[in-house]
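A.B. asks: Mind folding the following:
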Amino acid sequence: EVQLVESGGGVVQPGGSLRLSCAVSGFIFSTSAMTWVRQSPGKGLEWVARISGSETTSYLESVKGRFTISRDNAKNTLFLQMNSLKPEDTAVYYCAAAAREYSDYSLYDYWGQGTQVTVSS
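C.D. replies: Okay, the predicted model is just below:
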């Protein structure tokens, strides 16, 4: 059974930082493509970042320079380091996995349950 479990969310003040983790099991993590997607209150899903099996990365324009996606293949874990957080980053953040990289997040096969990030003073 494939499982993706996110952690690391919380409440942070504007300008603060959080590091999200996504622990993956039951899937060949090291060659997989991974992505982070978020959903803000009352809005649809929004792609945030992705990383290929060869560690090529891509970012939503509004998070470039603030967020960093990375992976630890030895620990089957995906990360999202979020710095200089803004209120508009408030959302539930989901990680998702696929055997190959897609630009369309809806094609990712496996999803976690999400972790809440709230940026507020």
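A.B. asks: got the phi/psi numbers for the closest residue to residue 25 other than its chain neighbours?
C.D. replies: Distances taken as C-beta to C-beta, 6 or more residues apart in numbering place residue 3 nearest to residue 25, at 4.8 Å, with adjacent residues excluded. C-beta: built from backbone N, CA, C; applies to glycine. Phi and psi for residue 3, reported as degrees, to the nearest 10, are phi -130, psi 140.
A.B. asks: contacting residues for residue 3?
C.D. replies: 23-26 (C-beta atoms under 8 Å, 6 or more residues apart in numbering).
A.B. asks: Let me know the closest of these to residue 55.
C.D. replies: Closest approach between the contacts of residue 3 and residue 55, by C-beta to C-beta: residue 24, at 15.4 Å.
A.B. asks: can you count the residues close to the closest one?
C.D. replies: Per other C-beta atoms under 10 Å, the neighbour tally for residue 24 reads 22.
A.B. asks: wait, it sits on residue 30?
C.D. replies: No: proximity of residue 24 to residue 30 does not meet the contact threshold set by C-beta atoms under 8 Å, at 10.0 Å.
A.B. asks: and residue 116, what element?
C.D. replies: Residue 116 is part of strand 115-119 when elements are defined by DSSP states H and E.
A.B. asks: what distance separates that strand from the centre of its chain?
C.D. replies: Its chain's average C-alpha position is 12 Å from that of strand 115-119, according to C-alpha atoms, centre = their mean, to the nearest Å.
A.B. asks: what do you get for stretch 114-121?
C.D. replies: With C-alpha atoms, centre = their mean, you get 13 Å for stretch 114-121.
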